[in-house]
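Undergrad: Sequence and predicted structure below; questions after.
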Amino acid sequence: MQRIINFILSYRNAFLYGFLMVISLALTIRTHSYHQSKFFNSSKWIMGNVYGSAANISSYFGLRQENNRLVEENEQLRKLLFNPSKESVQEKDSIFKDYEVITANLIKNSFSSPRNYLTIDKGKIHGIEQDMGVITTKGILGIVENTSSKFATVQSVLNTKSNINAKIKNTNYFGSLIWDVQDYNVVQLVDIPRLVPLVVGDTIVTGAMSSIFPENIPIGVIRKYDLNASRSFYNIDVELFNDMANVKNVYLIKNMNKEEIKELEARTTDE
Amino acid sequence: MNNSLIINGFRFILLVLTQVLIFNTLNFLGFINPLVYVIFLYWYPIKGNRAVFMLTAFFLGFVIDIFSDSMALHAIASLTVAYIRPVIMRFCFGVNYEFQNFSFKNTTKVQRITFLGLLVLIHQVVFFSLEILSISHFLLILKKVFATGVVTLILCTLFSSLFSPQSE
């Protein structure tokens, strides 16, 4: 017994190293396959406030660009307003509303690691929930992953775990949007069948298959495409509309029918 | 002792904030975010308790992890560096670092930069290979280790000559 204790004591640093290593490896590997950790993320109070106050200062530097972007968007929205389509009267009534939009500011951006998470300055008390879609004026950005009372973290599209339903604009061919870590302006669209006619420069938008994003939110344009190893599906490189390195104002989309869809789907699979 | 505790605590907080607020958002050339907090492990007193040193390094990495949503990658990297620091020191400074009166003052500049360079290199290799965790991205890992490592080393050398603990 004495010798065992002596042995442990003489190698106590190695044991400590092993112990801490196992803890952190467990934490890391768990998040590779599951969601981001609930307890250790930057939506927490201290982290959120540190990022919030830093963003408070640095946000002044991009005001002009941000204003231009918002004015551009307003211009588009005005065009829609002045040229109303016939059936749009109904949509103004809140009963018929399918999606609600909440604005927020990005306080932490990240795009250089393989698993990027962003932090925004709105949380549960503002009505943010897990799995809400996040977009900017230009296109999609990600999906809400964790919330605290005043902050939330967003899983960016630039995340190897991200998998978003997307399609080619004006068609119904859809595939999954993933990211191969190489370039922060380019994501990949896979599972588009070979028979689909593609042209470089075609627009990619979100598909109708998910209950997170509304259909037809712009994502990017096709930069190049080739067939995958089995030669039956395309691998498409999509250049994002969004400049992922320069994002400030974001919109969160809440699907009002999500509960209903989820419930219906659950009931269908049960039977 | 008390004095060094305060200095190290102050350094800890300052380095976390610098790393998180400045260097994590740098994105030089799109992907270079130097991990300058390694300099904490370079500055940490040599004669302190080794277990305490490892725990501090682990905690330092972990705080930065929480800020940057990277789980425990920084923690693993800085823990590993803390664990093998004595080996690197013996390699760079020879056996005389184990003597009581050893201090950085008696070492040459080349020795110190080699020491710092090895710390940075090990830290980068562990961090990026675990971050990407795939053999098929070997070239990407190499590119990141090399580019970020060089920038980190330059910045750390600058820091160590600007805020040298020897002048305290």
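TA: That came in fine, so what should we check first?
Undergrad: how far is the helix or strand hosting residue A:190 from where the chain is centred?
TA: Secondary structure assignment for residue A:190, by DSSP states H and E: strand A:186-193. The chain centroid and the centroid of strand A:186-193 are separated by 17 Å under C-alpha atoms, centre = their mean, to the nearest Å.
Undergrad: and residue A:185, what does it touch?
TA: If a contact means C-beta atoms under 8 Å, 6 or more residues apart in numbering or on different chains, then residue A:185 has A:239-240, A:243-244 as its contacts. (Glycine included, C-beta is placed from N, CA and C.)
Undergrad: Just the buried ones from those?
TA: The neighbour count (16 or more other C-beta atoms under 10 Å in any protein chain shown) marks A:239-240, A:244 as buried among the contacts of residue A:185.
Undergrad: With respect to residue A:118, which of those residues is nearest?
TA: Of all those, the one with the least separation from residue A:118 (C-beta to C-beta) is residue A:244, at 9.5 Å.
Undergrad: three-state assignment of the spatially most central residue of chain B?
TA: With distances taken as C-alpha atoms, centre = their mean, residue B:38 lies nearest the centre of chain B, 1.6 Å away. For residue B:38, the assignment made with DSSP: H, G, I helix; E, B strand; the rest coil gives helix.
Undergrad: just checking, which of the buried ones among the contacts of residue A:185 belong to strands?
TA: Counted as lying in strands by DSSP state E, out of the buried ones among the contacts of residue A:185, are A:239-240.
Undergrad: Can I get the buried ones among the contacts of residue A:185 in JSON lines including pLDDT and distance to residue A:219?
TA: Putting the buried ones among the contacts of residue A:185 into JSON lines (pLDDT from 0 to 100; distance: C-beta to C-beta, whole Å) gives the following:
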{"residue": "A:239", "pLDDT": "91", "distance to residue A:219": "10"}
{"residue": "A:240", "pLDDT": "90", "distance to residue A:219": "7"}
{"residue": "A:244", "pLDDT": "84", "distance to residue A:219": "12"}
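Undergrad: Show me which of the buried ones among the contacts of residue A:185 is closest to residue B:81.
TA: Closest approach to residue B:81 among the buried ones among the contacts of residue A:185 (C-beta to C-beta): residue A:244, at 30.7 Å.
Undergrad: so who does that closest one touch?
TA: So residue A:244 contacts A:109, A:111, A:141, A:156, A:158, A:184-185 (C-beta under 8 Å, 6+ apart).
Undergrad: Kindly reformat those as CSV containing secondary structure, distance to residue B:12 and pLDDT.
TA: Shown next, in CSV, are those (DSSP: H, G, I helix; E, B strand; the rest coil; distance: C-beta to C-beta, whole Å; pLDDT from 0 to 100):
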residue, secondary structure, distance to residue B:12, pLDDT
A:109, coil, 25, 86
A:111, coil, 27, 86
A:141, strand, 33, 90
A:156, strand, 29, 90
A:158, strand, 30, 90
A:184, coil, 31, 86
A:185, coil, 36, 88
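Undergrad: Kindly list the main-chain dihedrals of the most centrally placed residue in chain A?
TA: In chain A, the residue lying closest to the centroid (C-alpha atoms, centre = their mean) is residue A:142, at 1.2 Å. Main-chain dihedrals, residue A:142, degrees, to the nearest 10: phi 170, psi -160.
Undergrad: which ones are touching it?
TA: Residue A:142 touches A:118, A:134, A:154-157, A:159, A:162, counting by C-beta under 8 Å, 6+ apart.
Undergrad: Over to residue A:112?
TA: Contacts for residue A:112 (C-beta under 8 Å, 6+ apart) come out as A:184, B:27, B:30-33.
Undergrad: swap in residue A:198?
TA: When contacts are counted by C-beta under 8 Å, 6+ apart, residue A:198 touches A:168, A:192, A:222, A:225, A:234, A:236.
Undergrad: what about it, is that helix, strand or coil?
TA: Strictly by three-state DSSP, residue A:198 counts as coil.
Undergrad: same thing with residue A:28?
TA: Under three-state DSSP, the three-state class of residue A:28 is helix.
Undergrad: Now do the contacts for it.
TA: Residue A:28 sits next to B:71-73, B:76, B:130 when contact means C-beta under 8 Å, 6+ apart.
Undergrad: Just the ones of these in helices?
TA: Counting by DSSP state H, the part of the contacts of residue A:28 found in helices is B:73, B:76, B:130.
Undergrad: so who does the closest residue to the last one other than its chain neighbours touch?
TA: Distances taken as C-beta to C-beta, 6 or more residues apart in numbering or on different chains put residue B:73 closest to residue B:130, at 5.4 Å, once the chain neighbours are dropped. With contact taken as C-beta under 8 Å, 6+ apart, residue B:73 is in contact with A:28, B:61, B:65, B:127, B:130-131.
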